[in-house]
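Engineer: structure for the following, please:
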Amino acid sequence: MRTALFCFAFVAVFSGRAAADRCAGATSRLALVFAQLAQGDIASARENLGPIQAQHPDCPEIILALARMADETGNAPDAGSLFARYLQLAPQDPRAYTYFGRFLIERRQYDQADSLSAQALETNPQDPGVMALRGQILDMKGQPQEGLALLERASELDGKDAETEFYLGTMYDRAKRPAEAVRCFKRTVAINPHNARAYDYLALNLEPLGQVVAAEQAYGKALEVNRPGPHFDAFLDYNYGRFLGKRGDPKASKFFFDRAVELAPDVRAVWYERAKLNLQLKNYEQARSDAERAATLRDDRGIIIDLQIYALLERVYHRLGDAELAQKYAELAKKTPVLARGERQGGSRTHE
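Structural biologist: Below is the predicted model of the structure:
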C-alpha cells in the first residue's frame with residue numbers, strides 16, 4: 001500500500017515541461033539503471049534510482065523504471081498502473097509500448113497487447129522493440145512466419161534485447177532449429193545471467209547438437225539462478241532429470257524427478273517419465289502410482305500420448321504380476337490409434 005501511495009503522489013507532481021528538460025542531467029545515470037534492469041539486477045537498479053528520484057522528481061523515465069521494477073518483483077497492480085501512466089506521458093517513446101505490451105502478454109491480456117502492438121507499429125515501424133512485440137503477437141495469433149520475420153529483423157537491428165532474443169529462440173526451438181536457438185539463448189543469458197528459463201532452453205538445444213558437456217554446464221547455471229520471479233523455470237528439474245537419465249545416472253535423475261512432480265503436478269510428462277524411471281529401478285508400486293496418475297492428466301500438446309501411457313501400464317502390471325490389468329492395458333494400446341506425424345509435438349521434453 002505504501003508503494004502504491006508513493007507512486008500515486010509521485011506521478012501527480014509532473015509539470016508541463018518537455019520530458020527531455022525534466023530528465024536533464026540524469027541521462028547517463030538512467031541508462032545505467034535500465035541496463036541493470038535488463039540484467040535482472042533489481043537491487044542495484046533500485047539503489048541507483050533513488051538519488052535520481054530525489055534530484056529529478058519530474059523526470060518521466062523514472063515512471064518507466066518504477067514500472068519495470070514493480071513488474072520484475074511481482075507487483076502487477078502497480079506495474080500496470082505505472083506502465084499505463086508512462087504511455088500517457090511519453091506516447092512517442094517506443095519503450096512505452098514495448099514494455100507495457102510484454103507486461104500485458106505475461107498477464108494473458110492478449111487483446112490489449114494486440115491493439116497496443118498494432119498501434120506501436122504504426123507509430124514506430126522501424127523500432128526493434130516494437131517489431132519484436134508485434135512479431136510475438138503475430139506468432140501467438142497463428143501467423144508464425146510473419147512473426148518470425150519481424151523478430152529476426154528486430155534481432156538484426158538490436159541483438160542486445162534479452163526478451164527479443166529469448167522469444168526468437170523459443171520459436172527456433174519449436175521449429176527444431178537448435179543451432180539458431182542456441183545462438184539466441186546464448187545472447188539472452190549474456191545480457192541477463194539471472195534468466196533460468198533461458199539457460200534451460202540453451203541446454204535443451206545444445207543436446208541435439210552433441211554438445212553434452214556444454215549442456216550440463218547450462219543446466220548447472222540454470223539450477224544456480226532458478227529463483228521465484230519472472231524467469232523462474234518450473235520445468236527445469238524435469239528436463240535435467242531426463243538429461244541425467246540419458247547420461248546413465250538414474251539415482252540423480254530420480255532426485256530431480258521427485259522435485260519435478262512437486263513443481264509441475266498437473267503435467268502428464270513429468271509423472272510419465274518418473275514412472276518409467278521407477279520401473280527401471282524396480283520400484284514397481286511407485287511406477288504403477290505414477291503411471292496411473294499420468295493417465296488421469298490431459299496432454300493437449302501431444303507430448304505424451306495415451307498409447308505411451310497404456311504401453312507403460314501394461315509393462316508395470318506385468319512386473320507386478322497382475323495379468324488381468326496387464327491384458328486390459330495391452331488391449332487399450334491395440335485399440336488406440338497412433339497419431340499421424342504433425343498431430344503431436346513429439347518427444348518427452350517440455351517447457352512453459
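
Engineer: for the helix or strand hosting Glu156, which positions count as buried?
Structural biologist: For Glu156, the enclosing helix or strand under DSSP states H and E is helix 144-157. Neighbour counts using 16 or more other CB atoms under 10 Å place 144, 147-148, 150-152, 154-155 of helix 144-157 among the buried residues. For every residue, glycine as well, the C-beta is placed using N, CA and C.

Engineer: show residues contacting that helix.
Structural biologist: 126, 128-129, 131-132, 134-140, 161, 164-165, 167-168, 171, 184 (CB atoms under 8 Å, 6 or more residues apart in numbering).

Engineer: just the buried residues of those.
Structural biologist: Of the contacts of helix 144-157, these count as buried by 16+ other CB under 10 Å: 128-129, 131-132, 134-139, 161, 164-165, 167-168, 171, 184.

Engineer: the stretch 201-350 of the chain: helices as residue ranges?
Structural biologist: Here the stretch 201-350 of the chain has its helices, by DSSP state H, counting those that start in this stretch, at 212-225, 236-246, 250-263, 268-280, 284-296, 306-320, 323-335.

Engineer: which stretches of this protein have low pLDDT?
Structural biologist: In the predicted model, the chain carries pLDDT under 70 at residues 1-20, 339-352.

Engineer: ok, 50 please
Structural biologist: Where the chain drops to pLDDT under 50, the residues are 1-17, 340-348.

Engineer: was I right to think Gln39 contacts Asn195?
Structural biologist: No. Contact between Gln39 and Asn195 fails when scored by CB atoms under 8 Å: they sit 9.7 Å apart.

Engineer: compare those two and say which is more crowded by neighbours.
Structural biologist: Per other CB atoms under 10 Å, whichever of Gln39 and Asn195 has more neighbours is Asn195, with 28 against 17.

Engineer: for the residue lying closest to the more buried one once chain neighbours are set aside, grab the count of nearby residues.
Structural biologist: With CB to CB, 6 or more residues apart in numbering as the criterion, Asn195 has its nearest non-adjacent residue at 4.4 Å, and that residue is His231. Each residue near His231 was counted by other CB under 10 Å, and the total is 22.

Engineer: measure His231 to Tyr172 for me?
Structural biologist: 19 Å (CB to CB, to the nearest Å).

Engineer: OK, contacts around Glu273?
Structural biologist: Contacts of Glu273 by CB under 8 Å, 6+ apart are 238, 241-242, 245, 257, 348.

Engineer: please verify my assumption that Glu61 contacts Cys23.
Structural biologist: Yes. Applying CB under 8 Å, one finds Glu61 in contact with Cys23, separated by 5.6 Å.
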